[in-house]
Every structure is written in structure tokens, then in C-alpha cells.
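Undergrad: Generate a structure from the sequence data that follows.
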Amino acid sequence: MSGVAIRWFFAGTTALAAVMLLTSCAVGPDFAHPAAPEITRYTRELLSQTSAANVPLGQRQIFLEGRDVPQGWWTRFKSPALDGLIARALQNNPNLQAALATLRSAKESVYAQEGKYFPLAAANFNPTRQRSSPVISPVLASGASIFTLDTAQLTVSYTFDIWGLNRRTVESLEALTDVQRFQVEAAYLSLTANLVVAAVTEASLRGQIDATNEIITANEKMLDILRRQLDAGYANRNDVALQEAALAQARATLPPLRKALAQQHDLIAALVGGYPTERREMFRLADLHLPADLPVSLPSQLIEQRPDVRAAEEQLHSASALIGVATANMLPSFTISADGGFMNTALAHLLAPQYLFWDLAGNATQTVFDAGTLYHQLQGARDTYQAAAWTYRGTVIGAVQNVADSLRALQNDADALRAARDFERAAKTSYNLANQQLQSGNANVLILLTAQQSYLQSIIQVVQAQAARLSDTAALFQALGGGWWNRPEPLVEQVLDVNAAPTDTQVERSDSR
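TA: Next up, the predicted model:
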């Protein structure tokens, strides 16, 4: 094919493809965004604030309806150690980085499918050594039966997207890419929320261990007093045995708490993307601040903010586009192709004009009988869309439930802390009175042991109630979407070389597309 002919063919094919693309239609439904839920609040009664208690982390929390959730909401806890921990986790957490790599892969699938908008061209060079039978017509004009044949050719083909088959396929893949994008945001949200809750849990366990150690110290002092009174004849052996049992019981509560603390330490290290030996932070409840003003997005805003809801919507979008793909597969397809090049027995003269050959062909294909395969594929695509629609509906309901549960939890956490504080005060008074009676020699050991046990429980309940307020505050931020849409910069992407040394395994990746 001459240069002029090749240019003519490419120009004609491109122009024809553009005209047919502009005049063609994409079959199947055009996706419409689902309607917002027809509710204006999360609970029957409007919750505006919680109760307060005169104890650290007991201040009142106010719910600000319609406020936007800030990016970096964890900074509201005012813990530099926590802020630094999350910053490292966002760069090194394996699950988050895996989600980012999967997103890049999904984008490449879209780019690959978009390539089908253009003609496919392939160049080929094929040298062969042949021998033809001398008893039939000779292959060559020269009559030689043994010869070398060199063929150089260019093949171009193009399938017109008249029914929007490729457009709907690209649309489906773009929706799946958005699904993965929101899964990245979900991983980001889960990581930050899990780290906050893990830090709070660690602080709670430290507080419970400290309270238990105080009770153990007090029990040891009481046992020492009872032993001295036993030696002096003011106490009996049964009283001493009861106190020894109480001391042993208090000591027995320490190993499970220490075990849980160690495991929590290891969990935080893993979330940051490191090993337990690399972590140095230590969290205590006294180092954490309880956010007082809590933004509460409207339900109509929630569906735009929750990554799981947005991912479910894009799954629905993809399923809608696949109905168009299945519909287009039932309609005729139109393809044109051209093949041109040079063929000669002498490689040196291969490109001489007299050795040119070419062909141009068109093809139209329509399935006539397939025993209902295409029809049932279309019905299956419609059923998949229905399944995705119900999944989306369930995800929205679950999102609203999460916010309502978090609001209820915060309200009851505040009441629980106030009640635990009242319990602690009463138990401490009872314990002090029993301890004074013990030192004066007039103690009833059973009353003393009861007072000890109540006081220990009251201290631990206060610590647990304080931790619950912090954890459920993080849960509310998570339920509202975590403010990812306000993030000023994209997440840092890393490339991992598993065969490199640990200090050289990661480099930052940027993608301008």
C-alpha cells in the first residue's frame, strides 16, 4: 500500500469512526443518582447535648446539626503522640497501600478499554523458505519451485461502537474504579478510627492496671494490720485468711489486664505498619482530650460522605452500564479492516512499487441463534442491577443506623460516667470508714472486704466510662464519614520491593494521570 493510500485509509477510517460515534447511541439505561433518604434527623427526638460529670473527661458534649466533619478529626483529641502515630500509619499501613495499588490497577483497566475507541494497527514481517510442487502451476512467474518469500505488511481494523458497547463497558469500568476509590477512603477512615480507638483502649487498660495496683497496695496494708492484730490477740485467723483471699483475688486480675495491654500495644504497631519492637508511644487517659463540639451532618449529606455508601452507588452504576453492554451484544456489529504491504523473493527490492498488495474489507455480524444465551445474559444483568440496588438501600440504612447508634451511645456514655462517678464517691466513703474501723480494732472484716471490692469496681467503672466516651466520639466521626472530602492533599502512595532491605523497600509514587 502506497504512502498516499495509507494516509487516505487512516483519514477515512478516523473520519468515519467519528461520524458514526457522534450519530450512534448507547443502548441501555442512563444511570441516575439515587434519591437521598426522606428523613431530616437520625433519632425521633432531637439530641442537642449530653449530660456532664465532675470528673476528667466528663464535660458536656454538644451536637451541632448540619456542621461539616473536619479533615484530621483526630486532632480534636489534642494528643501529639496520636497525631504522629496516624501520620506514620497513613504512609506505611499495608492495607491502605494495597488499596491504593488496587486503585491504580483499576485505572489502568479503564485506560486499556478506552484504547478500543481507536483502530487497531499491527505490522508484520514474515520471511519464509518454500518449495512448491513442480507438477502444479508455479507459484512464481519465474517458474522456480524453491524460493525465499519475504512479506512485509500492515493490518488495520476497526469495530464501530454504534450501539455503545465499548462506551458502556468503559462506563462500567470507570464506575468500578470509583468503587475502588471509595474503598481506599473506607480503608483510610477505618485505619484512623481504629488507631484512635486502639490508643484509647490502651489508655483505659493502663488506667485499670493503675487502679488495680492501688487496691493491691491498700489490701497489702490491711493484711499487715490484721496480722499485727492477730499477733496481739485482737483479730482471729479467719479474718486474716479472708483478707489474704481478697489480696490474692485482686492480684489475679492483673495478668489479664497486662496481657490485653501488650496485645493492644502490638495492634497499634501493626496498624502503623511496623513491628512491636519499633513502637515507643504510651497513651494514658489524662493525655487525651474529649472533643466538646461534635458536628452532625444531615442525612442528605451523609450519603455523599460515607465511603461505603458511595462505593455501593458506584456498584449500582456499574451494574446499570452492564445492562447496556448485554443489550449491545444482541445487536449487529460492524467492522472494517485493511491489509497492505509488499511481497518479494528478493529482500533488497522488497519495497518496489510493483510488489505492492492490499485489500479492504467490511464485515457485519448478527447473532441469529444462540439458544437464548444473549437473552439470559441481559436478564442476568438486570437482576444484578436489582441486587446492587437493594445492596445500596441496605448500605444507606446501615449508615443512618451507625450515626443514630453513635449519638445514642454518646448520650448514654455521659450518663454512665456520671453514675460511675457517684458510685465511686459512695464506695470511697464506705471504704474509708471500714478502713478507719480496721485501724481502731473494731472492724467487721466482711464489711471491709465488701467495701474494698465495691471501691475497686467503682474505680474501674469510671476508667471504662471515660474510655467509652472517647471511643464512641471516634465512632461518631467514623459514622459520619471522617471528613476525607476535606483532605487537601492525596494520600501518599508507596511502591514496595519485597526483596529489598527493610530500610529501602518503599519509595513514594506519583501519578499525574
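
Undergrad: in the stretch 1-150 of the chain, which spans are strands?
TA: Counting by DSSP state E, counting those that start in this stretch, the stretch 1-150 of the chain has strands at residues 62-65, 120-131, 146-160.

Undergrad: So which of those strands is nearest residue 353?
TA: strand 146-160 (13.7 Å; Cβ to Cβ). Placement of C-beta: from N, CA and C, glycine included.

Undergrad: Report the angle between that closest one and strand 120-131.
TA: 160 degrees (axes from the mean of the first three to the mean of the last three Cα atoms, to 10 degrees).

Undergrad: partners of strand 146-160, with directions?
TA: According to DSSP bridges, strand 146-160 forms sheet pairs with strand 120-131 (antiparallel), strand 333-344 (antiparallel).

Undergrad: Not counting its own residues, what contacts the last one?
TA: For strand 333-344, the external contacting residues (Cβ atoms under 8 Å, 6 or more residues apart in numbering) are 1, 5-6, 9, 13, 16, 124, 149-160, 162, 165, 350-352, 355-366.

Undergrad: Show me what counts as buried in that strand.
TA: 333-334, 336-342, 344 (16 or more other Cβ atoms under 10 Å).

Undergrad: Closest to residue 466 out of those?
TA: Nearest member of those to residue 466, counting by Cβ to Cβ, is residue 333, at 67.4 Å.

Undergrad: Next one: the closest one, what pLDDT does it get?
TA: Looking at residue 333, its pLDDT stands at 94.

Undergrad: Run through the bridge partners of it.
TA: Taking DSSP bridges, one finds residue 365 as the beta-bridge partners of residue 333.

Undergrad: how much space between it and residue 157?
TA: To residue 157, residue 333 is 12 Å away according to Cβ to Cβ, to the nearest Å.

Undergrad: which SSE is residue 187 in?
TA: Assigned by DSSP states H and E, residue 187 belongs to helix 165-232.

Undergrad: Quick one: list the elements packing against that helix.
TA: Under the contact definition 3 or more Cβ pairs under 8 Å, 6 or more residues apart in numbering; DSSP states H and E, helix 165-232 sits against helix 80-92, helix 94-114, helix 237-252, helix 254-271, helix 307-328, helix 373-440, helix 445-479.

Undergrad: mind checking which of those helices is nearest residue 56?
TA: helix 445-479 (6.9 Å).

Undergrad: shaky segments in the protein?
TA: Low-confidence regions of the chain, defined by pLDDT under 70, span residues 1-24, 137-138, 441-443, 501-513.

Undergrad: residue contacts, the one residue sitting closest to the centre of it?
TA: With distances taken as Cα atoms, centre = their mean, the residue of the chain nearest its centroid is residue 187 (2.4 Å). Listed by Cβ under 8 Å, 6+ apart, the contact set of residue 187 reads 95-96, 99.

Undergrad: check contacts around residue 346.
TA: residue 150.

Undergrad: Kindly apply the preceding question to residue 153 instead.
TA: Taking Cβ under 8 Å, 6+ apart as the definition, contacts of residue 153 comprise 123-124, 126, 339-342, 357.

Undergrad: just those residues now: which is nearest residue 26?
TA: For the contacts of residue 153, the minimum distance to residue 26 (Cβ to Cβ) is 30.5 Å, reached by residue 339.

Undergrad: residues in contact with the residue sitting furthest away from the middle of the chain?
TA: Using Cα atoms, centre = their mean, the residue of the chain lying farthest from its centre is residue 135. It sits 73.0 Å away. For residue 135, no contacting residues are found, by Cβ under 8 Å, 6+ apart.

Undergrad: And for the one 10 residues further on?
TA: Neighbour list for residue 145: 131-134, 138-139 [criterion: Cβ under 8 Å, 6+ apart].

Undergrad: measure it to residue 355 for me?
TA: 20 Å.

Undergrad: cool, and residue 474?
TA: Taken as Cβ to Cβ, the span from residue 474 to residue 355 is 76 Å.

Undergrad: what's the closest non-adjacent residue to the residue nearest to the centre of the chain?
TA: residue 99 (4.4 Å; Cβ to Cβ, 6 or more residues apart in numbering).

Undergrad: what's the distance between the one you found and residue 176?
TA: From residue 99 to residue 176 the distance is 14 Å (Cβ to Cβ).

Undergrad: and if you look at residue 381?
TA: The value you get for residue 381 to residue 176, if Cβ to Cβ is used, is 15 Å.

Undergrad: again, but for residue 393
TA: Residue 393 is 20 Å from residue 176, by Cβ to Cβ.

Undergrad: of the two, who's got more company?
TA: residue 176 (19 against 14; other Cβ atoms under 10 Å).

Undergrad: Spatially, which residue comes closest to that one, not counting chain neighbours?
TA: Using Cβ to Cβ, 6+ apart, the closest residue to residue 176 is residue 318 (5.1 Å).

Undergrad: could you check the distance from the one you found over to residue 334?
TA: Taken as Cβ to Cβ, the span from residue 318 to residue 334 is 26 Å.

Undergrad: got JSON lines for the contacts of residue 145, with distance to residue 405 and neighbour count too?
TA: Below are those laid out as JSON lines (distance: Cβ to Cβ, whole Å; neighbours: other Cβ atoms under 10 Å):
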{"residue": "131", "distance to residue 405": "83", "neighbour count": "10"}
{"residue": "132", "distance to residue 405": "83", "neighbour count": "15"}
{"residue": "133", "distance to residue 405": "85", "neighbour count": "9"}
{"residue": "134", "distance to residue 405": "90", "neighbour count": "10"}
{"residue": "138", "distance to residue 405": "88", "neighbour count": "13"}
{"residue": "139", "distance to residue 405": "82", "neighbour count": "16"}
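
Undergrad: Show me which of these is closest to residue 278.
TA: residue 131 (72.3 Å).

Undergrad: residue contacts, the closest one?
TA: Per Cβ under 8 Å, 6+ apart, neighbours of residue 131: 145-146.

Undergrad: burial of the closest residue to residue 322 other than its chain neighbours, as a residue count?
TA: Once flanking residues are discounted, residue 322 sits nearest to residue 381: 4.8 Å by Cβ to Cβ, 6+ apart. For residue 381, the number of neighbouring residues by other Cβ under 10 Å comes to 20.

Undergrad: how close does residue 381 get to residue 371?
TA: The separation that residue 381 has from residue 371, given Cβ to Cβ, amounts to 18 Å.

Undergrad: do residue 160 as well
TA: Taken as Cβ to Cβ, the span from residue 160 to residue 371 is 27 Å.

Undergrad: repeat for residue 43
TA: 55 Å.

Undergrad: Same check on residue 323?
TA: Distance from residue 323 to residue 371, by Cβ to Cβ: 21 Å.

Undergrad: what's the closest of the helices and strands packed on helix 165-232 to residue 48?
TA: Between the helices and strands packed on helix 165-232, helix 373-440 lies closest to residue 48; by Cβ to Cβ that is 10.2 Å.

Undergrad: Need the contact partners of stretch 416-433.
TA: Applying Cβ under 8 Å, 6+ apart, the set of residues contacting stretch 416-433 is 51-55, 57-58, 451-452, 454-455, 457-459, 461-462, 464-466, 468-469.

Undergrad: now do 10 Å
TA: 50-58, 215, 218, 409, 443, 447-448, 450-469 (Cβ atoms under 10 Å, 6 or more residues apart in numbering).

Undergrad: Dump that stretch to CSV, keeping only the CA atoms.
TA: Only the C-alpha atoms of stretch 416-433 are listed here, as CSV (Å, rounded to 0.1, in the frame of the first residue of the first chain):
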residue,chain,number,x,y,z
ALA,A,416,-22.9,6.2,82.7
LEU,A,417,-19.8,8.2,83.6
ARG,A,418,-21.9,10.4,85.9
ALA,A,419,-23.4,7.4,87.6
ALA,A,420,-20.0,5.7,87.8
ARG,A,421,-18.6,8.9,89.5
ASP,A,422,-21.4,8.9,92.0
PHE,A,423,-20.7,5.2,92.7
GLU,A,424,-17.0,5.9,93.2
ARG,A,425,-17.7,8.6,95.7
ALA,A,426,-20.1,6.5,97.7
ALA,A,427,-17.8,3.4,97.6
LYS,A,428,-14.8,5.5,98.6
THR,A,429,-16.6,6.8,101.6
SER,A,430,-17.6,3.3,102.7
TYR,A,431,-14.1,2.1,102.1
ASN,A,432,-12.6,4.9,104.2
LEU,A,433,-15.0,4.2,107.1
